[in-house]
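Q: Here is a sequence together with a model predicted from it:
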Amino acid sequence: MNRPLTSQQWKSGIAAWLGWMFDGLDMHLYTLVAAPFVAQLISATSTTDPQVGRYASIIQAAFLLGWALGGGFFGYLGDRFGRARTLSLTVLTYAAFTGLSVFAHTWWQLMILRFLAALGIGGEWAVGASLLAETWPKHWRPWIAAVLQSGVNIGILCAVLANHLLANAPPRFIFLVGVLPALLVFWIRRAVPEPAEWHAARVGAQNKSPGVGELFRGETRQITVWVMLVCGISLTAHWAFMFWYGMHLRNLPDVVGWSNADKNHLVNTAMFWIIGSSIAGNFFSGWIARLIGYRATIAWTFAAYFLAMLGAYGVARNHTALLWWFPVIGFCQGVFALFTMYLPPLFPTLLRTTGAGFCYNIGRIAAAFGTVFFGLFSKVGDHRMVLLYAGFLFVPAAALAFQMPRAKD
């Protein structure tokens with residue numbers, strides 16, 4: 001018989017969901033204005049200037065690198081000092097440095113600020129996922145994963161709305177919206193308790209926390225290796241798409257002559273279709289996972305993601321044709337919701353945020369390299385081949401997913 005959720009469970013769920021929503025907001029403010037903002041910072045005359053794509057991809061690579069390091073760093077703090085306390089630190093970090101991005105006047109200043117903001121975004125994922133894995137009932141986990149990932153999606157839609165409302169303002173002003181998450185911290189520190197499971201584990205370990213090296217010892221080593229491989233490959237492909245598709249749209253032959261406001265509207269529309277369908281994909285993935293398990297669902301959805309990328313970018317398409325493919329791609333992105341509740345229980349309690357944060361977010365390092373590497377295949381003003389080549393990475397990701405461990409619950 002299922003018991004009703006307690007006040008502590010509801011508070012933990014709301015805190016994690018809001019943290020993830022603001023994660024989505026702050027992580028995608030840059031991708032929406034990358035081309036026009038970087039063009040201003042390097043004094044380029046047009047967003048089709050190859051220097052724009054090069055520097056914009058370097059900034060995004062720094063962001064993904066910070067995301068990876070933040071996942072490991074704040075994951076360790078979460079295991080050592082507590083989930084709720086560390087959650088507050090992650091939110092403050094990404095809110096502060098996203099807001100400070102408005103003052104960037106060179107591309108390298110923006111790169112540093114995006115790197116520092118990403119430390120908090122990467123940490124929030126690991127801490128929020130572990131907080132819910134330790135407080136909510138196991139039978140809720142696939143649905144919790146879908147709801148949490150939907151928080152990210154709604155945050156991205158909020159970023160799209162902000163970009164729409166500020167379409168006629170200088171691109172830098174959009175980063176001021178990223179300060180809003182800081183207000184969440186006051187409520188988290190007052191209302192969200194630490195999980196009883198974490199307290200019990202700390203007492204049992206006599207307040208000694210295992211280090212990152214424990215991820216590569218004993219039975220945990222195999223878990224760490226397989227999860228790192230799958231996350232590294234799949235996130236490289238995913239983030240290559242999320243960064244380059246907007247650049248590709250802005251520079252299509254039938255779009256390149258449009259005004260900046262019209263280009264912004266097109267990118268916003270595309271993001272709306274991608275993220276809106278991704279929300280549906282979150283819940284569909286959760287439903288399928290309850291039937292066939294996490295591993296099989298992840299593997300088959302990666303295969304579908306590859307086919308969607310092949311369909312969209314296998315041949316040259318205009319912006320109207322691409323808009324029909326974006327909902328399919330977005331629906332496949334629902335697969336990443338499953339990692340939220342699948343990964344934390346694979347690791348011991350005092351390695352939970354460290355393990356989940358390190359293994360999932362270490363994929364950002366591969367994605368950081370991939371964002372720049374695939375950009376080398378771009379022709380001036382055309383990034384279709386970047387997107388096509390990136391999509392092929394979902395094939396090995398799907399094959400390797402079957403080698404990941406079964407969920408312990």
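A: That came through, no problem.
Q: Toward the C-terminus from the strand or helix carrying residue 247, list the very next helix or strand.
A: According to DSSP states H and E, residue 247 maps onto helix 218-250. Moving toward the C-terminus from helix 218-250, the next helix or strand (DSSP H and E) is helix 260-292.
Q: Give me the helices and strands touching the helix or strand that that following helix is followed by, please.
A: Note on helix 260-292: by DSSP H and E, the next helix or strand toward the C-terminus is helix 294-313. Counting contacts by 3 or more Cβ pairs under 8 Å, 6 or more residues apart in numbering; DSSP states H and E, helix 294-313 packs against helix 218-250, helix 260-292, helix 319-332, helix 338-342, helix 384-391, helix 394-401. The way it works is simple: take the backbone N, C-alpha and C, and place the C-beta from them, glycine included.
Q: Out of these, indicate the one that is most buried.
A: Mean neighbour count (mean count of other Cβ atoms under 10 Å) peaks for helix 338-342 among these, with a mean of 27.
Q: any residues touching that one, and which ones?
A: 125, 129, 132-133, 141-142, 144-145, 148-149, 231, 285-286, 289, 294, 297-298, 360, 407 (Cβ atoms under 8 Å, 6 or more residues apart in numbering).
Q: hmm, 7 Å instead?
A: 129, 133, 141-142, 144-145, 148-149, 285, 289, 294, 297-298, 360, 407 (Cβ atoms under 7 Å, 6 or more residues apart in numbering).
Q: Dump the helix or strand that comes right after that helix to PDB, keeping only the CA atoms.
A: Downstream of helix 338-342, the first helix or strand assigned by DSSP H and E is helix 352-361. Listed next in PDB are the C-alpha coordinates belonging to helix 352-361 (Å, rounded to 0.1, in the frame of the first residue of the first chain):
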ATOM      1  CA  ARG A 352      26.000   9.200  -4.300                       C
ATOM      2  CA  THR A 353      26.300  12.900  -5.300                       C
ATOM      3  CA  THR A 354      30.000  12.400  -6.100                       C
ATOM      4  CA  GLY A 355      29.300   9.400  -8.300                       C
ATOM      5  CA  ALA A 356      26.200  10.700 -10.100                       C
ATOM      6  CA  GLY A 357      27.700  14.200 -10.500                       C
ATOM      7  CA  PHE A 358      31.100  12.900 -11.700                       C
ATOM      8  CA  CYS A 359      30.000  10.200 -14.100                       C
ATOM      9  CA  TYR A 360      27.100  12.200 -15.700                       C
ATOM     10  CA  ASN A 361      28.800  15.500 -15.800                       C
END
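Q: Which elements pack onto helix 352-361?
A: When contacts are defined as 3 or more Cβ pairs under 7 Å, 6 or more residues apart in numbering; DSSP states H and E, helix 352-361 packs onto helix 50-81, helix 107-133, helix 218-250.
Q: could you check the angle helix 352-361 makes with the first one?
A: Regarding helix 50-81 and helix 352-361, their directions subtend 160 degrees when assessed with axes from the mean of the first three to the mean of the last three Cα atoms, to 10 degrees.
Q: So for helix 50-81, mean pLDDT?
A: Helix 50-81 shows a mean pLDDT of 82.
Q: After that helix, which helix or strand is next?
A: Assignment by DSSP H and E places the next element after helix 50-81 at helix 83-100.
Q: can you pull the buried residues of that next one?
A: Neighbour counts using 16 or more other Cβ atoms under 10 Å place 83-91, 93-100 of helix 83-100 among the buried residues.
Q: in the protein, which ranges drop under the pLDDT threshold?
A: 1-3, 141, 189, 194, 196-212, 350, 363-364, 366-367, 370-382, 407-409 (pLDDT under 70).
Q: If we go by neighbour counts, what in the longest helix along it is buried?
A: Assignment by DSSP state H gives helix 7-41 as the longest helix of the chain. Judged by neighbour count using 16+ other Cβ under 10 Å, the buried positions of helix 7-41 are 9, 11-41.
Q: Between the two ends of stretch 314-325, what distance do you get?
A: 12 Å (Cα to Cα, to the nearest Å).
Q: what does that stretch rub up against?
A: 249, 252, 254-255, 266, 270, 273, 308, 311-312, 384, 388.
Q: Please produce a markdown table containing those residues, extended by distance to residue 174.
A: Below are the contacts of stretch 314-325 laid out as a markdown table (distance: Cβ to Cβ, whole Å):
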| residue | distance to residue 174 |
| --- | --- |
| 249 | 18 |
| 252 | 23 |
| 254 | 26 |
| 255 | 21 |
| 266 | 17 |
| 270 | 17 |
| 273 | 20 |
| 308 | 29 |
| 311 | 32 |
| 312 | 27 |
| 384 | 27 |
| 388 | 30 |
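Q: Which of those residues sits closest to residue 168?
A: Distance to residue 168, by Cβ to Cβ, is smallest for residue 266 among the contacts of stretch 314-325, at 15.7 Å.
Q: Could you give the number of residues near residue 171?
A: By other Cβ atoms under 10 Å, 24 other residues sit near residue 171.
Q: Do I have it right that it meets residue 34?
A: No - look at residue 171 against residue 34 with Cβ atoms under 7 Å: they stay out of range, at 8.7 Å.
Q: Show the contacting residues for residue 181.
A: Contacts of residue 181 by Cβ under 7 Å, 6+ apart are 22, 26, 91, 94-95.
Q: Ignoring the adjacent residues along the chain, who's closest to it?
A: Nearest non-adjacent residue to residue 181, counting by Cβ to Cβ, 6 or more residues apart in numbering: residue 22, 3.5 Å away.
Q: shouldn't that neighbour be in contact with residue 158?
A: No - counting by Cβ under 7 Å, residue 22 sits too far from residue 158 to count as a contact (8.6 Å).
Q: and residue 128, what does it touch?
A: Residues near residue 128 by Cβ under 7 Å, 6+ apart: 16, 19-20, 87.
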